[in-house]
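[1] With the sequence up front, the predicted model follows.
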Amino acid sequence: MFRRTFWFTAGAAAGVWATTKVNRKIKQLTPESLAAQAADKAVVAGHKLRDFALDVREGMVRREAELGEALGLEAPAGPELPVRRNLAVEAAEPDAHPAPATYRKLPYHSYNRNEDH
């Protein structure tokens, strides 16, 4: 009698445990849960990438200072050296005729499969 009660209880406990485990796994595999997990991993990866970029920048500045010290390039840039700015559109010469606006066409590849071709 006690043997049957023991095995019945053990079987019921195993059934409850297995059902709980399966329900948890099903909830983890829903689209909303998978999207949330992917978003969390993307945020963590972004933080790691930002930390890496900051470490690289810090190392660059340190190494540049070491090289500048070794080569004697510690003098600050004076006002006699103008900073060249890279302008997206350069102004035409004043005596030249205005040319029609031309735009550079960058290589653009759309990976949107819903786009009409």
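    Received it, and whenever you're ready, just let me know what you need.
[2] ok, which stretches of the protein are helices?
    Assigned by DSSP state H, the chain shows helices spanning 2-28, 31-71.
[3] how about the ones you listed in TSV, adding mean pLDDT and mean neighbour count?
    The way it works is simple: take the backbone N, C-alpha and C, and place the C-beta from them, glycine included. What follows is the helices of the chain, written out as TSV (pLDDT from 0 to 100; neighbours: other CB atoms under 10 Å):
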stretch	mean pLDDT	mean neighbour count
helix 2-28	94	10
helix 31-71	93	10
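[4] now L73, nearest residue through space, not along the chain?
    Distances taken as CB to CB, 6 or more residues apart in numbering place L67 nearest to L73, at 7.6 Å, with adjacent residues excluded.
[5] what about the one you found, distance to G59?
    Separation of L67 from G59 (CB to CB, to the nearest Å) stands at 12 Å.
[6] One more: T30?
    For T30 relative to G59 (CB to CB), the value is 43 Å.
[7] Then E66?
    10 Å.
[8] again with T5
    Applying CB to CB to T5 and G59 gives a distance of 69 Å.
[9] what's the answer for A65, then?
    A65 is 11 Å from G59, by CB to CB.
[10] Same check on Q37?
    Taking CB to CB, one finds Q37 at 33 Å from G59.
[11] W17 too?
    Taking CB to CB, one finds W17 at 52 Å from G59.
[12] How about G46?
    20 Å.
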